[in-house]
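K.L.:
below are the sequence and a predicted model for it; my questions follow.
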Amino acid sequence: MKTDDFINLLTNDSRVKVRFGRVFAIALAIGVVLSAAFLLSTIGIRKNMAEMIETPRVVFKLGLTLLLAITATRLAFRVGKPGISLHAAALTLILPLAILIAGLAIELMVVPEDAWATSMKGHFSVFCLIFVPALSIAPLAAILYSIRQGAPENPGKAGAIAGLAAGGIAAAIYAWHCPDDSPLFLATWYSIGILAATAAGFLLGRRVLRW
């Protein structure tokens, strides 16, 4: 390979990386805004959020879902870049899982055993199962579109990661409405909604992320 050709190759590769990062950021911002707008135009923010946001359970719920959204989105960003290791970014997903397990342990120690089932069931589990996947649609479309501009090596895996990120974003947004604050509820119904978004991402990724 001639020197000029090598320089042109590096330049083009750099442009692709810059373009991918810009597309990812813009598309993600649009997806998040659309998802938040959907929440505000339908069920809205929790009426007593100004008071409840100071309580440990609500802080835990908001913080954990936001942490999942950030770590999963970071992983999704790296999926679109070929040749980049996902190992370190994937390991960061252990952090929200570990925090959730710690929260569950504390909840089980604080709440009487006969109230565990009630705390897990909550009052609006159906709402959670509907709105977390629904709120993930716009972020999922945005992330899949962005990753498609990159070069994912495994379409199904990339789609699943996109779905996980979208589910995390949706959960972080829905948490501003949800009146069920128990970590038991969070671990059950939020997780189901996020897994649904992840599965949808996997199925869509296999179709739309093929080279």
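P.N.:
Happy to help now that I have it.
K.L.:
could I get the phi/psi values of residue 180?
P.N.:
phi -90, psi 110 (degrees, to the nearest 10).
K.L.:
and the pLDDT for it?
P.N.:
For residue 180, the model assigns a pLDDT of 95.
K.L.:
mind checking how far the closest residue to it other than its chain neighbours is from residue 163?
P.N.:
Nearest residue to residue 180, sequence neighbours excluded (Cβ to Cβ, 6 or more residues apart in numbering): residue 122, at 3.5 Å. In short, each C-beta sits where N, CA and C put it, glycine included. Noted for residue 122: a distance of 24 Å to residue 163, by Cβ to Cβ, to the nearest Å.
K.L.:
give me the more crowded residue out of those two.
P.N.:
Counted by other Cβ atoms under 10 Å, residue 122 and residue 163 do not tie: residue 163 has more neighbours, with 30 against 20.
K.L.:
where's the more buried one, which helix or strand?
P.N.:
Residue 163 belongs to helix 155-174 when assigned by DSSP states H and E.
K.L.:
what helices and strands are in contact with the helix or strand that that helix is followed by?
P.N.:
Using DSSP H and E, the next helix or strand after helix 155-174 towards the C-terminus is helix 183-185. The helices and strands touching helix 183-185, judged by 3 or more Cβ pairs under 8 Å, 6 or more residues apart in numbering; DSSP states H and E, are helix 56-79, helix 94-110, helix 116-121.
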